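>>> Structure here, sequence nowhere to be found:
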């Protein structure tokens, strides 16, 4: 039988405290209405009066304490089981994993080493190891001093006391510790504090820029500002507006065995007059099997009436830029006015050209129309969810605001339509950097061409599902802009564009968002913050460690409101990725090691059933009387592909990333030092950030890779 509860209640008229004795602990508290009569207060009644001074029933308190103890025990048990599970995973990863120092050849690459330059890697990793060993040594000193009862601050008075106390030093350790305090106060703290203050200033400037972009996005939404074609959208069936210029569609790819069918099929079903569109499949594959598969797919669509050609280069120089440049040199390209570009994993909707090309009519200054990306696998794992937050902010805020206010943003390399005259006027594709898309956009802007970003036109693609693939992608995306900045700076200064546009390109576009952001993220939160734990005379205020980063993360996550539960992992992961971004930025700026390395991002070839259904429907609509792929056959192909992928996963392994692991131990050592000195919010930040580095270093985020 369940124990009874004595719930406090109150007579609303007399204010007399009463107790309701209940057999069911799930009943709610009640409030008695009206006067309490004698019959109501019978001895066997469930309610009896109690004086105000009388204590609660002992059985009630005992039961409540037992419930709380049970819940606490359950919570501790779940935490313990989770920790044991995590420890088991870590042991397996340590047993089967390989470090990122091993040189492997990427099957999806172009004959280049996948890893970074060994000299550059050793120097960068060496600096982190120095900080790690220093922190461990200083932690040992601080622990010993803590147990000796030494708790000295940074004031000159206390420093003088230390020097006076040296006269009574009895041991070698005491003398060494006193010397250490003097060195850190006189020589280490001032430069560290100066560097911290400089990073704080950069952090505030970048945060202000982020805030202004968010306000600009809010203004655009409030005023419902968006680009609208001067003559409205096109109608393929009625031929309304009659504007159907010649469009060239290009699909550059390299060893894309997982996604080539989806991209070719989606492009072949674009709503556009077949006589006005030509599709180029630009295959740079060095895998004979991939070449054969892509050729067969092109031949299949040719038999179904699509105007599609297959091109393969003999001299495969210049990566993607060289591939596009070679395709634009074909004689028949002069018959086309616009070119639409889609990477191999992109699946444009059938009305893509109908929504983008009309913006060019009667707008001779317009050089580029860019659509935003959407992702078929954004909810696949934690890594893809965090990437979706970043890219949603990039498209929704950065590109939309820059497109509406200054008619310029960096071309994304895909899901865009160019005026061929703008490409030719800007010098065409150049192989001088690994960000050929940003290169052509900057040169077109310097020549006066305007850009439009369409936030309501989406093109589906994939996000990298493994940390290794994402890391390589981010390395290219952050080293390339620094290469381009070195090359374009003289041209920007000499150009005839306005001073404001020059300021936007040099300071905002390149320096603030491509150089300063990874610099202060890595330096401030991965080096300076843990060092201030061992050199407490140099301090970082709590609002820099907690409040400003939390506010910026909140602003970043606004374009993806469904991702709010991941705001804390997002903040920690962004600081973790600052290691890769900082390394890439330095490599590109000074042309070191892997600055010109190009590795094709691994893809899984995911496609939803809805995509397949819509694809077949479009084929049936526009190709009556022609044999088309059966939906069941396409589903079967996808199923077979997924089965093969699941079999491969059994033979996949993870990597262990040495830089991230070294920084994990540095941050955890700093959190232990912070705990000794009761640093408050600094301890929690360092602890969770260290755990985040540890999880990433052991490749416990995202999928494993081959």
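Nice, I can see it. Just so it is clear, the model here is predicted, and its values are computed rather than measured. Numbering: from 1, shown residues only.
>>> quick one: average confidence on whatever helix or strand residue 145 lives in?
Per DSSP states H and E, residue 145 falls inside helix 118-148. Mean pLDDT, helix 118-148: 73.
>>> Mind giving me the packing neighbours of it?
helix 172-183, helix 529-534, helix 567-589, helix 658-676 (3 or more C-beta pairs under 8 Å, 6 or more residues apart in numbering; DSSP states H and E). C-beta here means a position set from N, CA and C on the backbone, and glycine is covered the same way.
>>> closest to residue 445 out of these?
Smallest distance to residue 445 across the helices and strands packed on helix 118-148 (C-beta to C-beta): 20.2 Å, for helix 567-589.
>>> Could you check the angle that closest one makes with helix 658-676?
Calculated by axes from the mean of the first three to the mean of the last three C-alpha atoms, to 10 degrees, helix 567-589 forms an angle of 130 degrees with helix 658-676.
>>> Now helix 567-589: buried residues?
569-589 (16 or more other C-beta atoms under 10 Å).
>>> just stretch 421-435 next, same as before
422-423, 426, 429-431, 433-435.
>>> just the strands in this protein please.
5-10, 17-22, 47-49, 98-99, 247-253, 277-283, 308-312, 338-341, 347-348, 366-375, 416-419, 450-461, 655-656 (DSSP state E).
>>> Filter the buried residues of stretch 421-435 down to just the ones in helices.
Counting by DSSP state H, the buried residues of stretch 421-435 place 422-423 in helices.
>>> So which of the buried residues of stretch 421-435 is the closest to residue 244?
residue 422 (19.8 Å).
>>> who touches the closest one in this structure?
367-368, 444, 447, 449 (C-beta atoms under 8 Å, 6 or more residues apart in numbering).
>>> cool, and residue 388?
375, 378, 463, 560, 563.
>>> Tell me the most packed of those residues, by neighbour count.
Highest neighbour count within the contacts of residue 388, by other C-beta atoms under 10 Å: residue 463, with 27 neighbours.
>>> Surely it touches residue 375?
Yes - taking contacts as C-beta atoms under 8 Å, residue 463 lies within contact range of residue 375: 5.0 Å.
>>> Residues that sit against both of the two, list them.
384, 387-388, 391.
>>> Neighbour-wise, which one of these leads?
residue 388 leads the shared contacts of residue 463 and residue 375 on contacts (other C-beta under 10 Å) with 24 neighbours.
>>> Can you give me the distance of that one to residue 382?
11 Å (C-beta to C-beta, to the nearest Å).
>>> Over to residue 367?
38 Å.
>>> neighbour-wise, which of those two wins?
Higher neighbour count among residue 367 and residue 382: residue 367, with 28 against 16, using other C-beta under 10 Å.
>>> pLDDT weak spots in the stretch 201-350 of the chain?
232-241 (pLDDT under 70).
>>> Please enumerate the helices of it.
260-268, 288-303, 319-328 (DSSP state H, counting those that start in this stretch).
>>> packing partners for the longest one?
It stands for helix 288-303. helix 260-268, strand 277-283, strand 308-312.
>>> tell me the angle the first one makes with strand 450-461.
Right, helix 260-268. Using the same axes, to 10 degrees: helix 260-268 against strand 450-461 is 130 degrees.
>>> Buried residues, helix 260-268. List them.
Going by 16+ other C-beta under 10 Å, helix 260-268 has these buried residues: 260-268.
>>> Then the shortest one?
Of the residues in strand 308-312, those scored as buried under the neighbour-count criterion (16+ other C-beta under 10 Å) are 308, 310-311.
>>> export those to a markdown table and tack on distance to residue 325?
Compiled in a markdown table, the buried residues of strand 308-312 are given as follows (distance: C-beta to C-beta, whole Å):
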| residue | distance to residue 325 |
| --- | --- |
| 308 | 20 |
| 310 | 18 |
| 311 | 12 |
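>>> Would you mind checking which of the residues you listed is nearest to residue 294?
For these, the nearest to residue 294 is residue 310 (6.9 Å; C-beta to C-beta).
>>> ok so, going back, which one of the buried residues of helix 260-268 is nearest residue 519?
Looking across the buried residues of helix 260-268 and measuring by C-beta to C-beta, the closest to residue 519 is residue 263, at 36.6 Å.
>>> how close does the closest one sit to residue 288?
From residue 263 to residue 288 the distance is 20 Å (C-beta to C-beta).
>>> what do you get for residue 497?
48 Å.
>>> With neighbour numbers in mind, choose between the two.
Per other C-beta under 10 Å, whichever of residue 497 and residue 288 has more neighbours is residue 497, with 15 against 8.
>>> Could you find the closest non-adjacent residue to the more buried one?
residue 446 (6.2 Å; C-beta to C-beta, 6 or more residues apart in numbering).
>>> Any idea how many residues pack against the one you found?
Neighbours around residue 446, by other C-beta under 10 Å: 20.
>>> and the nearest residue in space to residue 473 that is not next to it in sequence, what are its phi and psi?
Distance criterion C-beta to C-beta, 6+ apart; nearest residue to residue 473, sequence neighbours excluded, is residue 601 at 4.9 Å. Phi and psi for residue 601, reported as degrees, to the nearest 10, are phi -70, psi 130.
>>> Can you tell me, leaving aside adjacent residues, what's nearest to residue 491?
residue 446 is the one closest to residue 491 (C-beta to C-beta, 6+ apart), at 6.2 Å.
>>> Can you name the residues that contact the one you found?
426, 491-492, 495, 497.
>>> what do you get for residue 442?
Here residue 442 is in contact with 410, 484, 488, 492, 505 (C-beta under 8 Å, 6+ apart).
>>> out of those, which are buried?
410, 484, 488, 492, 505.
>>> Farthest pair within those residues?
Taking C-beta to C-beta, no two of these sit farther apart than 410 and 492, at 14.1 Å.
>>> Is residue 479 in contact with residue 473, as I believe?
No - assessed by C-beta under 8 Å, residue 479 is found out of contact with residue 473, at 11.2 Å.
>>> which of these two has more neighbours?
Neighbours were counted for residue 479 and for residue 473 using other C-beta under 10 Å; residue 479 has more, 29 against 18.
>>> nearest residue to that one other than its sequence neighbours?
Nearest one to residue 479, counting by C-beta to C-beta, 6+ apart, is residue 588 at 3.4 Å.
>>> could you measure the one you found against residue 498, distance?
Residue 588 is 28 Å from residue 498, by C-beta to C-beta.
>>> What is the end-to-end distance of stretch 539-557?
Using C-alpha to C-alpha, to the nearest Å, the end-to-end distance of stretch 539-557 comes to 29 Å.
>>> Now that stretch: buried residues?
For stretch 539-557, using 16+ other C-beta under 10 Å, the buried residues are 539-540, 544-546, 548-549, 552-553, 555-557.
>>> could you redo those residues as TSV and give each row pLDDT and distance to residue 400?
Output for these, formatted as TSV (pLDDT from 0 to 100; distance: C-beta to C-beta, whole Å):
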residue	pLDDT	distance to residue 400
539	88	39
540	91	34
544	91	29
545	90	31
546	88	30
548	92	24
549	92	24
552	93	19
553	93	20
555	94	15
556	94	15
557	94	16
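>>> Having no further points to raise, I will conclude here.
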